[in-house]
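Enquirer: After the sequence you'll find the predicted model.
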Amino acid sequence: MKASLLKVQKGNPRTITDEAMEKLQESIERDPQFMALRPLVVDEDNVVIGGNQRLKAIKKLGYKEIPDEWVVRAEDLTEEQNSSQNKMEQNSTEDPSGVP
């Protein structure tokens with residue numbers, strides 16, 4: 001999948017420090033298999049509803065194409081469900097892979 005087709009969710013309040021972004025980028029480069037275990041979740045318009053910081057890191061790393069298994073499409077969700085998923089992602093703790 002072309003990374004350029006994926007869009008960060010506008011208004012996503014979650015931010016991470018530059019240091020955390022560097023660690024995230026290092027984690028993706030070191031252990032890319034974790035991206036398949038915890039993929040980006042996108043809606044039918046390719047807007048990320050789970051994994052906005054990972055998408056930013058992927059783009060900063062210069063990925064033009066990413067493996068299809070790094071992306072899961074969540075179609076037919078209501079706006080409320082999308083919002084709930086996004087809040088859950090924001091409140092989740094960093095997993096052992098270092099991939100927020």
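Expert: Nice, thanks for sending it over.
Enquirer: Count the residues that sit near Ser27.
Expert: Other residues near Ser27 come to 20 when the count uses other CB atoms under 10 Å. Where C-beta positions appear, they are placed from N, C-alpha and C, glycine not excepted.
Enquirer: same deal with Thr78?
Expert: Using other CB under 10 Å, Thr78 has 8 neighbouring residues.
Enquirer: And Lys56, by the same measure?
Expert: There are 18 residues near Lys56, going by other CB under 10 Å.
Enquirer: contacting residues for the nearest residue to it once chain neighbours are set aside?
Expert: Take Lys56 and drop its neighbours on the chain: the residue closest to it by CB to CB, 6 or more residues apart in numbering is Val8, 6.5 Å away. By CB atoms under 8 Å, 6 or more residues apart in numbering, the contact set of Val8 is Val47, Val48, Asn52, Leu55, Lys56.
Enquirer: What ranges in the chain fall below the confidence cut-off?
Expert: For the chain, the stretches with pLDDT under 70 are 77, 81-100.
Enquirer: Would you map the strands across it?
Expert: In the chain, the segments counted as strands under DSSP state E are 40-42, 48-50, 71-73.
Enquirer: Tell me who's in contact with the residue nearest the centre of the chain.
Expert: By CA atoms, centre = their mean, the chain has its centre lying nearest to Gly51, at 2.1 Å. Counting by CB under 8 Å, 6+ apart, Gly51 makes contact with Arg38, Pro39, Leu40, Val41, Glu89.
Enquirer: how close does Met21 sit to Lys10?
Expert: When distance is defined by CB to CB, to the nearest Å, Met21 is 19 Å away from Lys10.
Enquirer: Could you do Val48 as well?
Expert: In terms of CB to CB, Val48 sits 10 Å off from Lys10.
Enquirer: The two: who's more crowded?
Expert: Val48 (22 against 6).
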